[in-house]
Each structure stands twice: as structure tokens, then as C-alpha cells.
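Q: Predicted model and sequence follow; I will ask about them next.
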Amino acid sequence: MCSATLLDDWGPEPLTPEQQRDLMEIVEDRYDSGSLLITSQVPVEKWYEMIGIPTLADAILDRVVHNAYRLSLTGESLRKTRALDGAA
């Protein structure tokens, strides 16, 4: 049985020390045992800064990007499209 953890809209602000530890626990728990899905509007290049502590950021991001599939979406927001449709 496969299990997954979803971190939705990750990274709008820097992590607190407690959040940093929690993220490390989540990533360690999922590494090689289940899926971890992360959605974010923050570019991956900025995630290191969001984590804050360089050593912890290295450990977390090394586990996240190892064997990762990365999808980058482009185009207009569906919210904008729906708002325009509703106004018509």
C-alpha cells in the first residue's frame, strides 16, 4: 500500500524553528517509504532561503530532490479565467 503526504502552498513565508524541525521529520518519514507532494508558488531556487538554517536546508532539499519529479505550470491562473467567465 502506497501512502502520500501533501504540503500544499508551501513557502509563503520563512519557517519558524518548530516548522523547520517538523518539515525535516516529514521529509525523513517519507524518504524511500512514501510519496511527498509539494505545491508552491515560490520558485524552487528560493526554498533554501525559506528553510533558513543552511545545514537543515541541505538535508531537507537533498532528500526532496532525490528521485523527484518536478512539474512547473505556466499560463494564466484558473482563478482569473473563472472570474472572467463569471463576469460575462
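A: On my side now, so go ahead.
Q: number of nearby residues for the spatially closest residue to A4 that is not a sequence neighbour?
A: Counting by C-beta to C-beta, 6 or more residues apart in numbering, the nearest residue to A4 once its immediate chain neighbours are dropped is S35, at 3.8 Å. For glycine as for every other residue, the C-beta is placed from the backbone atoms N, C-alpha and C. If you count neighbours by other C-beta atoms under 10 Å, S35 ends up with 11.
Q: Could you tell me how many residues sit around D8?
A: 8.
Q: S40 now?
A: The local packing of S40 (other C-beta under 10 Å) involves 15 other residues.
Q: Now do the same contact list for it.
A: Applying C-beta atoms under 8 Å, 6 or more residues apart in numbering, one finds that S40 lies in contact with 9-11, 47.
Q: ok, the residue nearest to A4 to V44 distance?
A: Computed as C-beta to C-beta, to the nearest Å, the S35 to V44 distance reads 18 Å.
Q: just A68 next, same as before
A: Distance, A68 to V44, using C-beta to C-beta: 10 Å.
Q: For those two, work out which one has more neighbours and name it.
A: More crowded of A68 and V44, by other C-beta under 10 Å: V44, with 15 against 11.
Q: How many neighbouring residues does the residue lying closest to that one once chain neighbours are set aside have?
A: For V44, the nearest residue in space outside its immediate sequence neighbours is R70; the separation is 7.2 Å by C-beta to C-beta, 6+ apart. By the criterion of other C-beta under 10 Å, R70 has 7 neighbours.
Q: Thanks again, I'm all set now.
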